[in-house]
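> Structure of the sequence below:
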Amino acid sequence: MKKSYLLLISLTYAAILGALAMAFLYAPTEKTMGDVQRIFYFHVPSAWASFVAFGVVAFGSILFLKTGNTKWDILAKSSAEVGILFLTIVLITGPLWAKPVWNVYWTWDARLTTSFILWLIFIAYLMLRSYVSDKERGARFAAVFGIIGFLDVPIVYMSIRWWRTLHPSPVVGGGDGSGLATPMLQTLLFSVGAFTLLFITLLIMRNRSALLANQIEFLKNQNFR
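Reported below is the predicted structural model:
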């Protein structure tokens with residue numbers, strides 16, 4: 001297990017370095033936006049990773065409500081924490097990209113607003129767990145909240161298709177006029193893969209830590225009885 005764990009970390013490290021190299025050295029400079037467009041190769045994969053993370057929250061929450069097994073609740077909580085990390089990266093890189101292009105860091109358009117709401121939902125998810133005194137009851141409340149909160153993910157994804165928005169239209173699968181030059185598409189896909197690997201690694205690390213903490217708490221409670 002230890003060797004496979006170290007291998008996963010090594011692969012993740014190499015993949016992120018590869019994504020950086022492709023973003024800055026392989027992908028061509030975008031004609032209109034210039035070098036600032038290279039944020040795209042980290043902004044979009046971070047959004048993807050956060051969507052996957054919140055999907056895992058919903059999956060773990062459903063299984064926890066169905067089975068009552070604490071391991072699924074721990075998985076859901078761990079994934080929410082990692083998802084918030086990636087979505088925070090999205091909310092930071094977005095304005096950094098927007099300022100040179102739109103001449104404003106933030107505007108309340110559909111994609112930005114729904115993304116910010118998604119971030120607030122899962123911040124509230126973690127706060128709910130902290131403020132409910134009954135741990136088991138709080139876990140069940142949080143599970144329901146996490147499942148409902150995930151419904152904002154498809155809204156975020158579809159927002160630039162459903163509403164007119166300042167945010168750019170989809171560059172992949174967006175219909176006529178969409179698309180990327182081959183080196184750009186290759187860089188994007190590699191970065192998505194690298195960030196997915198990073199998500200898996202961080203989730204495993206956080207989940208293992210949370211499981212150990214739960215075991216320690218259980219043993220402490222046993223000793224006090």
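> Please make it C-alpha for all contacts and neighbour counts, starting now.
Fine.
> Residue 181: neighbouring residues, count only.
10 (other C-alpha atoms under 10 Å).
> And it, how far from residue 86?
According to C-alpha to C-alpha, to the nearest Å, residue 181 and residue 86 sit 26 Å apart.
> Quick test: name the residue nearest the centre of this structure.
Centroid-nearest residue in the chain: residue 50, 1.3 Å away (criterion: C-alpha atoms, centre = their mean).
> tell me the secondary structure for that residue?
When classified by DSSP: H, G, I helix; E, B strand; the rest coil, residue 50 comes out as helix.
> Distance of it relative to residue 199?
The gap separating residue 50 from residue 199 is 8 Å, by C-alpha to C-alpha.
> Show me the common contact partners of the two, please.
The overlap between the contact sets of residue 50 and residue 199 (C-alpha atoms under 8 Å, 6 or more residues apart in numbering) consists of residue 82.
> Help me confirm that residue 26 comes into contact with residue 183.
Yes - counting by C-alpha atoms under 8 Å, residue 183 is a contact partner of residue 26 at 7.1 Å.
> now the helices: where do they sit in this protein?
With helices called from DSSP state H, the chain shows them at 2-21, 40-67, 70-102, 110-131, 135-150, 152-162, 182-223.
> Indicate which one of these is closest to residue 34.
Of all those, helix 70-102 sits nearest to residue 34, with 9.7 Å by C-alpha to C-alpha.
> okay, now the nearest residue to residue 123 once chain neighbours are set aside: neighbour count?
Leaving aside its chain neighbours, residue 123 sits nearest to residue 84 (7.4 Å; criterion: C-alpha to C-alpha, 6 or more residues apart in numbering). Neighbours of residue 84 under the rule other C-alpha under 10 Å: 23.
> Next one: residue 84 from residue 108, what distance?
Distance, residue 84 to residue 108, by C-alpha to C-alpha: 20 Å.
> Quick check: closest non-adjacent residue to the residue nearest to the centre of the chain.
residue 83 (4.4 Å).
> wait, doesn't that neighbour sit right on residue 49?
Yes - applying C-alpha under 8 Å as the test, residue 83 and residue 49 come out as touching, 7.0 Å apart.
> Same drill for the two, tell me which one is more crowded.
When neighbours are counted by other C-alpha under 10 Å, residue 83 and residue 49 differ, and residue 83 comes out ahead with 29 against 26.
> Now for the more buried one: which residues touch it?
So residue 83 contacts 49-54 (C-alpha under 8 Å, 6+ apart).
> which residues touch residue 198?
By C-alpha under 8 Å, 6+ apart, residue 198 lies in contact with 12, 16.
> swap in residue 53?
Shown in contact with residue 53 (C-alpha under 8 Å, 6+ apart): 79-80, 82-83, 199.
> One more: residue 43?
By C-alpha under 8 Å, 6+ apart, the contact list for residue 43 reads 89-90, 93-94.
> Distance check, the closest residue to residue 85 other than its chain neighbours against residue 73.
Excluding the flanking residues, the one nearest residue 85 by C-alpha to C-alpha, 6+ apart is residue 50, at 7.9 Å. Noted for residue 50: a distance of 18 Å to residue 73, by C-alpha to C-alpha.
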